[in-house]
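> have a look at this fold, sequence not included:
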């Protein structure tokens, strides 16, 4: 056991610390700065593998902390004492009865460590600092907990923990570029606001949802979220910003029960997501709200078990330009039917051998939005087509069908916001 109570500048050790209280305890007397502790093995200690309530310039390098009856490495936050920027790097921290690493000191860095099998969280960042590029697995708790403003988790591999992959319990926290999988809880769990950002993560195979946010004013962007047990993204409060994510085949626990994106409250913004249900999830996007200012624009949705989206709060969502790549079979009655804005591909099959009337809806269409219409005949006889809400470019809308039940007439349109017409751009 090593106990340091000194103002010396450098401490370099090669020592196996066993028995006693904590393996290494630093209790500063006055100013105790700039220690380097390297190649220390702390095991089977009665308390923590390492403990210090200061941290100014401390570096723990290649520190091994195993089978201790406390935290593997513990820098608790004590507000009345000088603190600053400890580093825990390249360590092996395993099978401690408490958490792997607790960093409550401002500016702390926990990086490139292997942390597994501990009895609490893999890493708790209760001081504003960064946990980066760690391998964190099989801990009885969350992989990482960010519990103070400006705490960050970047580039970590987080697997098989019995809690959440990353728990963000304070506003102003960031989780970016992490790989998060097969945790018993959610991939990312957000409980505080504002300013929480989840960006660029790969989140898959977690028992609950990919991202579960119960707070407001959070941003979820640029993530790949796949094969989680419940929702891809569950957002349980107001002011969601969900942009540019890829979601695939969530709702693995029970088919047709959970959605790829679910927003339970008002003021949600959902833009530019690529959503593929894989016949597992219920809806691509599901707004459950009493508000009328939800916005969904430019999302590509396909393969949902029930439908691409479930707009339960009125026409606001329908007017947002949400599009689905899934084929829409147009309802045709007496040779007439309407192609909705929400579908990029619409298939019109004539109901009898007679002139067709095809309308392209315009309410909610966005300038530049594209639509493809395929036309099948009732029989092998070509019929006249009348179009509504279309205009010609250098290519004119066709006025006669192909005369085929198997080879469709295919017409591509682009919406012209200046004229509120669908402009014919190609015919095949």
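Ah, there it is. Because the structure is predicted, anything quoted here is derived from the model rather than measured.
> now the spatially closest residue to residue 210 that is not a sequence neighbour: which helix or strand?
Excluding its sequence neighbours, the residue lying closest to residue 210 (CB to CB, 6 or more residues apart in numbering) is residue 225, at 3.8 Å. Every C-beta, even on glycine, is put in place using the N, C-alpha and C of the backbone. Using DSSP states H and E, residue 225 falls within strand 224-226.
> isn't residue 122 right up against residue 139?
Yes: with contact defined as CB atoms under 8 Å, residue 122 reaches residue 139; the gap is 4.5 Å.
> just want to know which of those two has more residues nearby.
Between residue 122 and residue 139, counted using other CB atoms under 10 Å, the more crowded position is residue 122 (35 against 29).
> for that one, phi and psi?
Per-residue torsions, residue 122: phi -60, psi -50 (degrees, to the nearest 10).
> give me the three-state assignment for the closest residue to it other than its chain neighbours.
The shortest distance from residue 122 to any non-neighbouring residue, by CB to CB, 6+ apart, is to residue 136 (3.7 Å). Judged by DSSP: H, G, I helix; E, B strand; the rest coil, the three-state class of residue 136 is strand.
> who's in contact with residue 136?
Neighbouring residues of residue 136 by CB atoms under 8 Å, 6 or more residues apart in numbering: 100, 115-116, 122-123, 143-144, 156-159, 161.
> and for residue 122 and residue 139, which residues touch both?
Shared contacts of residue 122 and residue 139, defined by CB under 8 Å, 6+ apart, comprise 99-100, 115-116, 161.
> these two touch, right, residue 179 and residue 202?
Yes: assessed by CB under 8 Å, residue 179 is found in contact with residue 202 at 4.8 Å.
> what about the helices in this structure?
Counting by DSSP state H, the chain has helices at residues 315-318.
> quick check: which ranges of it have low pLDDT?
Scanning the chain for pLDDT under 70 picks out 1-20, 27-33, 54-55, 79-83, 289-293, 309-326.
> what about residue 361, neighbour count?
18.
> so it sits against residue 343, correct?
No: the pair residue 361 / residue 343 is not scored as a contact, 9.7 Å apart, by CB under 8 Å.
> which helices and strands sit right next to the strand holding residue 225?
Where contact means 3 or more CB pairs under 8 Å, 6 or more residues apart in numbering; DSSP states H and E, strand 224-226 is packed against strand 202-204, strand 246-248.
> now intersect the contacts of residue 136 with the strands, please.
115-116, 123, 144, 157-159 (DSSP state E).
> now these in TSV, with neighbour count and distance to residue 245?
Shown next, in TSV, are the ones in strands among the contacts of residue 136 (neighbours: other CB atoms under 10 Å; distance: CB to CB, whole Å):
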residue	neighbour count	distance to residue 245
115	33	28
116	19	29
123	33	25
144	34	20
157	16	20
158	33	18
159	19	21
